[in-house]
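K.L.:
Pasting a predicted model and its sequence here:
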Amino acid sequence: MKVAIVGAGLIGRAWAMVFARGGWDVAVYDLVDGAADACVAECAHGLATLAEHGLCDDPEAALGRLVAVATLGEALEGAAYVQESGPERLEVKLDLFAELDRLAGADTILASSTSALQCSLFTEALPGRARCLVAHPVNPPHLAPVVELSGAPWTDEAVVAKTRAMFEALGQKPITVKKEVDGFILNRLQAALVTEAFRLVGEGYVSPEDLDKTITDGLGLRWSFIGPFQVGELNAPAGLADYIERYSPFFRRVAETSDPDAALGVDNLARCVEAWGSAPSVERVAEMSRWRDKRLAALAAHKKSQE
Ligand SMILES: NC(=O)c1ccc[n+]([C@@H]2O[C@H](COP(=O)([O-])OP(=O)(O)OC[C@H]3O[C@@H](n4cnc5c(N)ncnc54)[C@H](O)[C@@H]3O)[C@@H](O)[C@H]2O)c1
């Protein structure tokens, strides 16, 4: 099977590794000259790191399945699936999807990595709109496997089902967003948490370092293997209904005192930036990102060993 990776930046590169590791032939295309070649070169390092953590059986073979191509047409030739990972701008997605729909074979599935643009915004006018959907990853998808699948009202359900089965076979963890919603699922959850974090730090209840610790050494530990519904089931003797009865009055009290205007107001956000204090160089951010990826790889390896 062949996949076309369209857009070879941060996310396109990670997708290329996911598909190559899973045995697919991968054609990488980018509008900018040299970007697809650079992507394939970066994948050599990424696949080797995956192999070090037991997350890729044969990095050499995976690399051998990756090829940088010079035109979109070449990328799409014979592709069963397209993972578009171009810039997050509506006009770019509109142009790219028109082009993809025009050039791709009739049965090719067209998916976008978009973080926040709903599928219906850039596929409505396309003759092949039934084969389009969003497949939104978490950065980086070769280490954090959840993928949110979100179709437009006109997306063929069979296309979503086929894409879900494909990602499962690749070892990713797809979820289906049953109807379109701004931010899909993951970023809505993240937004609720981050808004409250800004409120608590900006209004002086806790330092940003201690707030981060409540996630990394508290909630996040548990959340790496059970989500809030399962937590609810385990945190009350008679299960979820019991948990809701016990704790929902408190959740309501918190929700009623959370004022998004205050939490996300300019003054509060400025206080958060000041409290955090750090403004690392580009090099330092790159170094920290590599460190994060190693930690994620070790965690992914641990999770895999528990399956
Ligand atoms: N970075 C993240 O954390 C993250 C997470 C999930 C989803 N996404 C989404 O993934 C997509 C890509 O994000 P990214 O972070 O990789 O961006 P990026 O800027 O790193 O990469 C975008 C790439 O697209 C290329 N490009 C521009 N126009 C193109 C065109 N017409 N055809 C082909 N390639 C083109 C650029 O040259 C660049 O290499 C966006 O839609 C983004 O919202 C990003």
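P.N.:
Ah, there it is.
K.L.:
tell me the secondary structure for V134?
P.N.:
Here V134 is recorded as strand under DSSP: H, G, I helix; E, B strand; the rest coil.
K.L.:
Show me what it is bridged to.
P.N.:
Judged by DSSP bridges, the bridge partners of V134 are S112, S150.
K.L.:
Tell me the helices and strands packed up against the helix or strand containing A48.
P.N.:
Assigned by DSSP states H and E, A48 falls within helix 35-52. Where contact means 3 or more Cβ pairs under 8 Å, 6 or more residues apart in numbering; DSSP states H and E, helix 35-52 is packed against helix 10-21, strand 25-29, helix 59-64, strand 66-68, helix 282-305. (Glycine included, C-beta is placed from N, CA and C.)
K.L.:
got a markdown table for the ones you listed, with distance to the ligand too?
P.N.:
Shown next, in a markdown table, are the helices and strands packed on helix 35-52 (distance: least, Cβ to the nearest ligand atom, whole Å):
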| stretch | distance to the ligand |
| --- | --- |
| helix 10-21 | 3 |
| strand 25-29 | 6 |
| helix 59-64 | 20 |
| strand 66-68 | 12 |
| helix 282-305 | 11 |
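K.L.:
of all these, which has the lowest average per-residue confidence?
P.N.:
Confidence, taken as mean pLDDT, is least for helix 282-305 of the helices and strands packed on helix 35-52 (a mean of 93).
K.L.:
Give the buried residues for it.
P.N.:
Across helix 282-305, burial judged by 16 or more other Cβ atoms under 10 Å covers 293, 296-297, 300.
K.L.:
List the contacts of the helix holding A48.
P.N.:
With Cβ atoms under 8 Å, 6 or more residues apart in numbering as the contact definition, helix 35-52 has outside contacts at 5, 8-9, 12-14, 16-17, 20-21, 28-30, 56-59, 62-63, 66-70, 142, 293-294, 297.
K.L.:
So what angle separates the directions of that helix and helix 282-305?
P.N.:
Counting by axes from the mean of the first three to the mean of the last three Cα atoms, to 10 degrees, helix 35-52 lies at 50 degrees to helix 282-305.
K.L.:
Which positions in helix 35-52 come out as buried?
P.N.:
For helix 35-52, the neighbour count (16+ other Cβ under 10 Å) marks 35-37, 39-40, 42-43, 46-47, 49-51 as buried.
K.L.:
among these, which are within reach of the ligand?
P.N.:
A35 (Cβ under 6 Å from any ligand atom).
K.L.:
Let me know the closest of the buried residues of helix 35-52 to the ligand.
P.N.:
A35 (4.7 Å; Cβ to the nearest ligand atom).
K.L.:
and the residue nearest to N235 when sequence neighbours are not counted, what is it in contact with?
P.N.:
Spatial nearest neighbour of N235, excluding adjacent residues (Cβ to Cβ, 6 or more residues apart in numbering): Y243 at 5.5 Å. By Cβ under 8 Å, 6+ apart, the contact set of Y243 is 232-233, 235-236.
K.L.:
Look up phi and psi at V82.
P.N.:
Note on V82: backbone dihedrals following degrees, to the nearest 10 are phi -120, psi 130.
K.L.:
Show the model's pLDDT score for the residue of the stretch 1-150 of the chain found nearest the ligand.
P.N.:
Per Cβ to the nearest ligand atom, G9 is where the stretch 1-150 of the chain lies closest to the ligand, at 1.9 Å. Looking at G9, its pLDDT reads 97.
K.L.:
what about the nearest residue to it once chain neighbours are set aside, neighbour count?
P.N.:
Distances taken as Cβ to Cβ, 6+ apart put S85 closest to G9, at 6.6 Å, once the chain neighbours are dropped. Number of residues near S85 (other Cβ atoms under 10 Å) recorded here: 28.
K.L.:
for the ligand, what are the nearby residues on this structure?
P.N.:
6-12, 30-32, 35, 85-88, 92, 96, 113-115, 136-137, 139.
K.L.:
Among those, name the buried ones.
P.N.:
6-8, 11-12, 30, 35, 85-86, 92, 96, 113-115, 136-137.
K.L.:
Among the residues you listed, which one lies nearest to A263?
P.N.:
Nearest to A263 out of those is S115 (Cβ to Cβ; 21.3 Å).
K.L.:
Identify the residue nearest that closest one in space, chain neighbours excluded?
P.N.:
E88 (5.9 Å).
K.L.:
Can you report phi and psi for that neighbour?
P.N.:
For E88, the backbone dihedrals (degrees, to the nearest 10) come out as phi -80, psi 70.
K.L.:
any weak-confidence spans in the stretch 101-250 of the chain?
P.N.:
Of all residues in the stretch 101-250 of the chain, none has pLDDT under 70.
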